[in-house]
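> next input, structure requested:
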Amino acid sequence: MLRKLQSKIIKPLASCNAARAYSDRPETWQMDKLTDIGSRKIFTDEHDIMREQVRKFYESVPMERKMMWEEQGHLDREFFKECGAQGLIGIEQSADKKGHGLDFYSNVIQIEEQIYGLVPGLMQVQNDLVLPYICSYGTDEQVDRYVPGIRDGEIISCLCMTEPGSGSDVQGIKTNAVRDGDDWILNGSKVFISCGYMADMAIVVAVTDKNVSKAAYGISLFLVDTNLPGFEKGKLLKKIGRASADTAELFFNDVRLPGNAVLGGEEGVNRGFQFLMHDLGRERLLVAMGCTAQLEKGFELTRQYSSFSPFISIIFTIEKNLRHTLAEVKTECMVLRAITDKHIEAYANGDLDQQSVSMLKYYVSEKMIENTTKLQQLWGGYGYMLEYPIAQIFAGARVESIYAGTTEIMKELIARTL
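Got it, this is the predicted structure:
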């Protein structure tokens, strides 16, 4: 799909910044629906063409298939291939890095439409966690080996950082790799790894030098094939939400890796922390983007439900002020959309700073949880049933203030600037 659109999109996107500066496009809250195509000044008409195609694809996924994913705890491998065939993986990576060469705004569209379509966001693991590392820091050999397969959905990948007992704090990482001739021997474990159960390859964060002054200076990233001897996958971890987004614990028991498994080759040894920190703000921005889109979807689902639900009609008759809940949530959607789009534009222009994105991630995630709870309440008992999308959004919302830096960590980062 995107491959067919590239001839229409890539050239116009080159002048998007100029077009965007004079855009008279309406904002989401000025449209009939918050999810209507054709809004938001950060996008162009060319982006709308892409959005229409991406929306059509995600909306074509049958509900029965989504429920099957929820029940089995993971997507099917065929869906990754379908996304690859549609050009939805490797969106931003340049052509010389085996990607599609579109802009960041195009990736934003993919993320939002996946959420609007109520499809698990595991393509973000491929697009935003794994491919940027390989394409930015990998050797030509590493790019050639992994990127085409990931792009086409033939290789499922994951990023392994979090460990039992230490979270994502690099100071507490125990997984280690020691040299053995030209090879490395990897030992340790990781937990809460998205796509870990399905993964064919993993980027593993490991200690490679214990004699440095700070632990961060002795960290390397390894590209590890999951079929190697000693690589073991634990059982699927059961979560309170997002059951179909597989999450697993991984174990490394004397896994022998070739010398060229270090991301970036020999020059990448002990530079892992530098790689990890380079684009940390992007991950937090992505969380805010997801939160805003989920709240918009939840609002539209609830507005639609309220138009025919006897339960809500009765409540509105008895307690007129309860209809103000939708007004409150729409207003919150406006605020979150405005500040999120401001930061999307800042990132696209290379102007995103850590203080601002920390504030964004903290505020948007907390507001999303708060307002999703308000929406779920309006569904009565149906809002507690997982077969209803609002219940899935509600259950999945809780993690937003936890991953990519907890609310408490975000507040601490903000406080350091006072």
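> do a quick rundown of the helices in the stretch 51-200 of the chain.
Along the stretch 51-200 of the chain, counting by DSSP state H, counting those that start in this stretch, helices occupy 63-72, 77-85, 104-116, 123-124, 131-137, 140-151.
> with mean pLDDT and distance to residue 179 added, can I get those helices in a markdown table?
C-beta: built from backbone N, CA, C; applies to glycine. Formatted as a markdown table, the helices of the stretch 51-200 of the chain follow (pLDDT from 0 to 100; distance: least, C-beta to C-beta, whole Å):
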| stretch | mean pLDDT | distance to residue 179 |
| --- | --- | --- |
| helix 63-72 | 93 | 40 |
| helix 77-85 | 97 | 34 |
| helix 104-116 | 97 | 37 |
| helix 123-124 | 92 | 34 |
| helix 131-137 | 97 | 20 |
| helix 140-151 | 98 | 19 |
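> how about stretch 70-81: buried residues?
70, 73-75, 79-80 (16 or more other C-beta atoms under 10 Å).
> same thing with stretch 381-400?
Neighbour counts using 16+ other C-beta under 10 Å place 383, 388-400 of stretch 381-400 among the buried residues.
> returning to that earlier point: could you dump the helices of the stretch 51-200 of the chain into a markdown table with distance to residue 289 added?
What follows is the helices of the stretch 51-200 of the chain, written out as a markdown table (distance: least, C-beta to C-beta, whole Å):
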| stretch | distance to residue 289 |
| --- | --- |
| helix 63-72 | 21 |
| helix 77-85 | 18 |
| helix 104-116 | 6 |
| helix 123-124 | 10 |
| helix 131-137 | 16 |
| helix 140-151 | 21 |
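> please name the residues that touch the nearest residue to residue 214 once chain neighbours are set aside.
Nearest non-adjacent residue to residue 214, counting by C-beta to C-beta, 6 or more residues apart in numbering: residue 171, 7.9 Å away. For residue 171, the contact set (C-beta atoms under 8 Å, 6 or more residues apart in numbering) comprises 214-216.
> what about the buried residues of stretch 381-400, which are in helices?
389-397 (DSSP state H).
> closest one of these to residue 147?
Nearest to residue 147 among these is residue 396, at 29.3 Å by C-beta to C-beta.
> now that closest one: how far from residue 291?
10 Å (C-beta to C-beta, to the nearest Å).
> where does the chain dip in pLDDT?
Within the chain, the stretches with pLDDT under 70 are 1-23, 167-168, 308-322.
> so where do the strands sit in it?
With strands called from DSSP state E, the chain shows them at 157-160, 176-180, 183-194, 201-207, 219-225, 231-236, 247-257.
> okay, these in TSV with mean neighbour count and distance to residue 113 next?
Putting these into TSV (neighbours: other C-beta atoms under 10 Å; distance: least, C-beta to C-beta, whole Å) gives the following:
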stretch	mean neighbour count	distance to residue 113
strand 157-160	26	21
strand 176-180	16	39
strand 183-194	21	19
strand 201-207	24	26
strand 219-225	24	30
strand 231-236	15	26
strand 247-257	19	23
